[in-house]
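A.B. asks: Sequence first, predicted coordinates after that:
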Amino acid sequence: MPDLAVIMGATGALGTAIVDAFAGRGDRVIAVARSRAEVSQLASKYPISPSPSGGGQGGGVTGDTADLTSRLEVDELWERIDRVGIPRWVVNATGGYRAGKVVDSTPDDFTFMMNLNLGTAWWSCRAAARRMQAANPSPPGGEQRGGIVNVSSRSGLVAEAGAAAYAVAKAGVITLTKVLAAELKSSGVRVNAVVPAIIDTPANRQALPEKLMQKAVAPAEIAAVIAYLCSDAAAAITGAVVPVYGTY
């Protein structure tokens, strides 16, 4: 029976690479984003296959849509996921960037960055943790049963001028990861974060100087680290904040 994985923010450059990594290894993936057309296009790459045992479903991708900044929409999304099953793996890759210093920021800058980067991870972690913890209330021998990976940013670890609200929100994702890891440790549910610097995306190629892009990391390389953290090989790892900077 394939593992069930839920990928939030599935249609961005990194999100698509994460879906590719999980579907490529045979997981049953639920890909979630705001755009129904983009989610449907992504799911069409990996049709659901019959289970090898003849019962249920095998690997592949199905899509769902939600505004992941909205607690109500996230809760409704998870009610739909409940009909499929309790995921073994959850990845929160939703996020976005807006530049600006503290003194120049507007209320909208602050709210937008907090909701998009921290709020999406918070509401998804909250819903996922409730289900995953209830499914594994007391695993024998401290067995690790599954996990959550959040995507933060180097800006959340290294203080630099220029993107204040974004940096504070991404720092919140790191603290959320550590706190939730401590809360779920006894249930065998692991919680970790990956921390990219510059990701090699079309948008970054247009916006950033070539010298910086030479240090960018391909989305597939970051997705491979996330897939490792969401595997039995990483059973001893929880509460970790893993830099994926490349040569930055």
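C.D. replies: Here it is on my side, so go on.

A.B. asks: Please make it C-alpha for all contacts and neighbour counts, starting now.
C.D. replies: Will do.

A.B. asks: ok, now which ones touch the closest residue to Val102 other than its chain neighbours?
C.D. replies: In this structure, Val102 finds its nearest non-sequential neighbour in Ala164, 5.7 Å apart by CA to CA, 6 or more residues apart in numbering. Shown in contact with Ala164 (CA atoms under 8 Å, 6 or more residues apart in numbering): 99-102.

A.B. asks: try 10 Å
C.D. replies: By CA atoms under 10 Å, 6 or more residues apart in numbering, the residues touching Ala164 are 98-105, 109-110, 113, 155-156, 170.

A.B. asks: Save the residues you listed as JSON lines, and put in distance to Met132 and pLDDT too.
C.D. replies: Converted to JSON lines, these look like this (distance: CA to CA, whole Å; pLDDT from 0 to 100):
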{"residue": "Arg98", "distance to Met132": "33", "pLDDT": "94"}
{"residue": "Ala99", "distance to Met132": "36", "pLDDT": "94"}
{"residue": "Gly100", "distance to Met132": "37", "pLDDT": "95"}
{"residue": "Lys101", "distance to Met132": "38", "pLDDT": "96"}
{"residue": "Val102", "distance to Met132": "38", "pLDDT": "97"}
{"residue": "Val103", "distance to Met132": "41", "pLDDT": "96"}
{"residue": "Asp104", "distance to Met132": "41", "pLDDT": "94"}
{"residue": "Ser105", "distance to Met132": "38", "pLDDT": "93"}
{"residue": "Asp109", "distance to Met132": "33", "pLDDT": "95"}
{"residue": "Phe110", "distance to Met132": "31", "pLDDT": "97"}
{"residue": "Met113", "distance to Met132": "28", "pLDDT": "97"}
{"residue": "Ser155", "distance to Met132": "30", "pLDDT": "95"}
{"residue": "Gly156", "distance to Met132": "27", "pLDDT": "96"}
{"residue": "Lys170", "distance to Met132": "24", "pLDDT": "98"}
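
A.B. asks: Would you mind checking the residues you listed for buried ones?
C.D. replies: Applying 16 or more other CA atoms under 10 Å to the contacts of Ala164, the neighbour count classes 100, 109-110, 113, 155-156, 170 as buried.

A.B. asks: Can you tell me which of the residues you listed end up in helices?
C.D. replies: Assignment to helices by DSSP state H places the following of those there: 109-110, 113, 170.

A.B. asks: And these, which is closest to Asp75?
C.D. replies: Met113 (20.9 Å; CA to CA).

A.B. asks: Now for that closest one: which residues touch it?
C.D. replies: Counting by CA under 10 Å, 6+ apart, Met113 has contacts 95-99, 119, 163-170.

A.B. asks: what's the most distant pair in those?
C.D. replies: Between any two of the contacts of Met113 (CA to CA), the greatest distance is 18.3 Å, for Ala99 and Gly119.

A.B. asks: Strands of this structure, residue ranges please.
C.D. replies: 4-8, 28-33, 60-65, 89-92, 146-151, 189-196, 241-244 (DSSP state E).

A.B. asks: a markdown table for these, including mean neighbour count and mean pLDDT?
C.D. replies: Converted to a markdown table, the strands of the chain look like this (neighbours: other CA atoms under 10 Å; pLDDT from 0 to 100):
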| stretch | mean neighbour count | mean pLDDT |
| --- | --- | --- |
| strand 4-8 | 26 | 98 |
| strand 28-33 | 26 | 98 |
| strand 60-65 | 23 | 97 |
| strand 89-92 | 27 | 98 |
| strand 146-151 | 27 | 97 |
| strand 189-196 | 26 | 98 |
| strand 241-244 | 18 | 98 |
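
A.B. asks: got the ones you listed as JSON lines, with distance to Arg205 columns?
C.D. replies: Shown next, in JSON lines, are these (distance: least, CA to CA, whole Å):
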{"stretch": "strand 4-8", "distance to Arg205": "24"}
{"stretch": "strand 28-33", "distance to Arg205": "23"}
{"stretch": "strand 60-65", "distance to Arg205": "28"}
{"stretch": "strand 89-92", "distance to Arg205": "24"}
{"stretch": "strand 146-151", "distance to Arg205": "20"}
{"stretch": "strand 189-196", "distance to Arg205": "16"}
{"stretch": "strand 241-244", "distance to Arg205": "18"}
